[in-house]
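Trainee: missing the sequence, but the structure's below:
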RNA sequence: GAGCCAUUAGCUCAGGCGGUAGAGCACCGGACUUUUAAUCCGGGUGUCCUGGGUUCGAGUCCCAGAUGGCUCACCA
């Protein structure tokens, strides 16, 4: 059986035997057929004059002229001495008309051997069929790549979510809306750059491998550098490096790149994800608010043509200004509890427990506030909202609010129940920063694996003097979810992290 | 990590009360020179996720496991 199969594969069939079925075998046999006719079934470059959509859209000018395009065969309709094929390239789909009259007996017979999925280069005259479809009347064609596996069904496409994620290339081939989504994602990133570049921000690249993982509360991935013989951590945030650049005088910087967090996977979390972080010297968190709302609205309008979007059936207006509410007020609004009036930590913990929040038992009043806030924010907030003034305790890199030192000049962005970003006035007091690190280290010692580590070099940088600044981080994947109405982060990642298949 | 659900042909899916597996597309053979989910005639191509168990008999019932989805927990 195995011998027979590999013979059919022309002695070169190194495909996994487990995977070979009759459909694949039939296509392997066709490989030989093409070779027998002197055609290399895996061809070389092909001179393309047009893309499919250019021919369709530009029919009035192109009618009667000869064009050559290349793409994948998506459908085949034989009619005896003539046949229709649909081929698709990046721009879209176009119909091919093939007839014995035009191609000649030999070429026409060869054309009938094409399978759906094959990649071909074609040449012919542009015309319109009786039914009105812009088509190319083939005068010649070239097989550019033989497809050995059958494509998923044309009508339903590839529905199996697992296969769509694991074999994204197939998803892209048969589900056009998926390709459109990733084009949108690319545009989103492009317009973020355009917006920031236009305002004098410099795009930079800082290390992805950190000796001390910092800038966020999260567990990192560990790796090892052999020559240096040190452990390195995939970055959980670029923040501390970008702020070193502020010290260095790069007053407006941003970075769009990957972060890595060794935590759970869910519809909102992938182990690697993309953020844009922005730092602006001589600004503060209020400047970051207007930067945020203007940037997100600009991106939405540029990509979708409107600042009013629909997510999960809810209509959301991204037009600035967005609502601003302090965390204390938000919690008061949702629960009726005014944390400013609470006397003791114990009282706050009691309230949290009554609200069904599990606590360790040593939480402070402000930590309780934060817990209560996090428990409600994701389902309460639909329209774009800046929730401001988080407790300093949970904001170890943010500046204390002048009005009330228990709180930080900070905000989080919520839209459609999803946390989209985080920003604050950057803490530039090295003495205060060092104290914050010290208490984070204490929390870590007490068992909080996500508490920050001491970063002496970062403190030293601050000691040279960092201008006051506003900093902002936005989840690009989350923003893409929002702007493409995607319920899962996996839908906006080309290759979401999956458990490797063992079979 | 916990709960619920799913897994049947290459793809999309049906399979009542346990009786040896079915459709559409794709594919193979035939007809057809402007079709377009082409049409017409003929052909079912299978580790029913895996491993145990119950039973005369398991796609179906029970147990364990794998993978995925959703919800929760953690986070952005």
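Mentor: Arrived safely, thanks for sending. Only a predicted model underlies this, so the values are computations on that prediction, with no experimental measurement involved. Residues are numbered from 1 along each chain as shown, chains lettered A, B, ... in the order given.
Trainee: do a quick rundown of the helices in the stretch 351-500 of chain A.
Mentor: Assigned by DSSP state H, counting those that start in this stretch, the helices in the stretch 351-500 of chain A fall at A:365-380, A:430-445, A:456-464, A:476-484.
Trainee: which bits of the stretch 151-300 of chain A sit near RNA strand B?
Mentor: When proximity is defined by C-beta under 7 Å from any atom of the strand, the stretch 151-300 of chain A lies next to RNA strand B at A:151-163, A:165, A:216-218, A:261, A:263-264, A:266-271, A:273. The way it works is simple: take the backbone N, C-alpha and C, and place the C-beta from them, glycine included.
Trainee: just checking, which of the residues you listed belong to helices?
Mentor: Among those, the members found in helices (DSSP state H) are A:161, A:162, A:163, A:165.
Trainee: and the last one, how far from residue A:172?
Mentor: Per C-beta to C-beta, to the nearest Å, residue A:165 is found 12 Å from residue A:172.
Trainee: go on, the third one?
Mentor: Note on residue A:163: its distance to residue A:172, by C-beta to C-beta, is 12 Å.
Trainee: and these two? Which one has more around it.
Mentor: Between residue A:163 and residue A:172, counted using other C-beta atoms under 10 Å, residue A:172 has the larger neighbour count: 16 against 13.
Trainee: surely that one is in a helix?
Mentor: Yes. Membership of residue A:172 in a helix is supported by DSSP: H, G, I helix; E, B strand; the rest coil.
Trainee: hang on, isn't it packed against residue A:183?
Mentor: No. With contact defined as C-beta atoms under 8 Å, residue A:172 and residue A:183 do not form a contacting pair (10.6 Å).
Trainee: give me the common contacts of the two.
Mentor: Jointly contacting residue A:172 and residue A:183 under the rule C-beta atoms under 8 Å, 6 or more residues apart in numbering is no residue at all.
Trainee: contact partners for the residue lying closest to residue A:473 once chain neighbours are set aside?
Mentor: Sequence neighbours aside, residue A:277 is the residue nearest to residue A:473 in space, at 4.6 Å (criterion: C-beta to C-beta, 6 or more residues apart in numbering). Neighbour list for residue A:277: A:237, A:238, A:239, A:242, A:254, A:255, A:471, A:472, A:473 [criterion: C-beta under 8 Å, 6+ apart].
Trainee: mind putting those residues in CSV, pLDDT and neighbour count included?
Mentor: Shown next, in CSV, are the contacts of residue A:277 (pLDDT from 0 to 100; neighbours: other C-beta atoms under 10 Å):
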residue, pLDDT, neighbour count
A:237, 95, 23
A:238, 96, 30
A:239, 96, 24
A:242, 97, 23
A:254, 98, 22
A:255, 97, 21
A:471, 97, 27
A:472, 97, 25
A:473, 96, 24
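Trainee: report the two of those separated the most.
Mentor: Spatial extent of the contacts of residue A:277 (C-beta to C-beta) is set by the pair A:237 and A:254 at 13.4 Å.
Trainee: in terms of helices and strands, where is residue A:87?
Mentor: strand A:82-89 (DSSP states H and E).
Trainee: give me the residue from the stretch 301-450 of chain A nearest RNA strand B.
Mentor: residue A:419 (3.8 Å; C-beta to the nearest atom of the strand).
Trainee: confidence score at that residue?
Mentor: With respect to pLDDT, residue A:419 scores 91.
Trainee: for it, give the beta-bridge partners.
Mentor: residue A:414 (DSSP bridges).
Trainee: what count of nearby residues applies to it?
Mentor: Quick note: residue A:419 (other C-beta under 10 Å) scores 17 neighbours.
Trainee: repeat for residue A:180
Mentor: Using other C-beta under 10 Å, residue A:180 has 11 other residues around it.
Trainee: doesn't it fall inside a helix?
Mentor: Yes. Judged by three-state DSSP, residue A:180 forms part of a helix.
Trainee: any idea of the mean pLDDT in the host helix or strand of residue A:75?
Mentor: Residue A:75 is part of strand A:66-78, with elements assigned from DSSP H and E. Strand A:66-78 comes out with an average pLDDT of 96.
Trainee: parallel or antiparallel, list what pairs with it.
Mentor: strand A:82-89 (antiparallel), strand A:119-128 (antiparallel).
Trainee: quick one, which of those strands gets closest to residue A:316.
Mentor: strand A:82-89 (33.4 Å).
Trainee: can you tell if that closest one touches RNA strand B?
Mentor: Yes. Strand A:82-89 comes into contact with RNA strand B (C-beta under 7 Å from any atom of the strand), by way of A:82, A:84, A:86.
Trainee: up against RNA strand B, what does the stretch 1-150 of chain A have?
Mentor: A:18, A:21-23, A:26, A:75-82, A:84, A:86, A:95, A:97, A:99-101, A:115-116, A:127, A:129-133, A:135, A:137, A:149-150.
Trainee: among the residues you listed, name the buried ones.
Mentor: Listed as buried from those are A:76, A:84, A:86, A:95, A:97, A:99, A:100, A:115, A:135, A:137; burial here means 16 or more other C-beta atoms under 10 Å.
Trainee: farthest-apart pair in these, please.
Mentor: Farthest pair in these (C-beta to C-beta) is A:115 and A:137. Separation: 21.7 Å.
Trainee: next, count neighbours for residue A:210.
Mentor: Counted with other C-beta under 10 Å, the neighbours of residue A:210 add up to 21.
Trainee: need the three-state assignment for residue A:297.
Mentor: Residue A:297 falls in the helix class when you classify it by three-state DSSP.
Trainee: is RNA strand B within reach of stretch A:487-496?
Mentor: Yes. Contact of stretch A:487-496 with RNA strand B (C-beta under 7 Å from any atom of the strand) involves A:487, A:488, A:489, A:490, A:496.
Trainee: for the last one, give me the pLDDT.
Mentor: Looking at residue A:496, its pLDDT stands at 94.
Trainee: same question, the third one
Mentor: Confidence at residue A:489, expressed as pLDDT, is 95.
Trainee: residues in contact with it?
Mentor: Applying C-beta under 8 Å, 6+ apart, we find residue A:489 in contact with A:266, A:267, A:268, A:269, A:270, A:273, A:477, A:478, A:481, A:496.
Trainee: again, 10 Å this time
Mentor: Under the criterion of C-beta atoms under 10 Å, 6 or more residues apart in numbering, the neighbours of residue A:489 are A:265-270, A:273, A:418, A:475, A:477-478, A:480-481, A:496.
Trainee: now swap in the last one and tell me
Mentor: Going by C-beta under 10 Å, 6+ apart, residue A:496 touches A:164, A:165, A:166, A:168, A:265, A:270, A:271, A:272, A:477, A:488, A:489, A:490.
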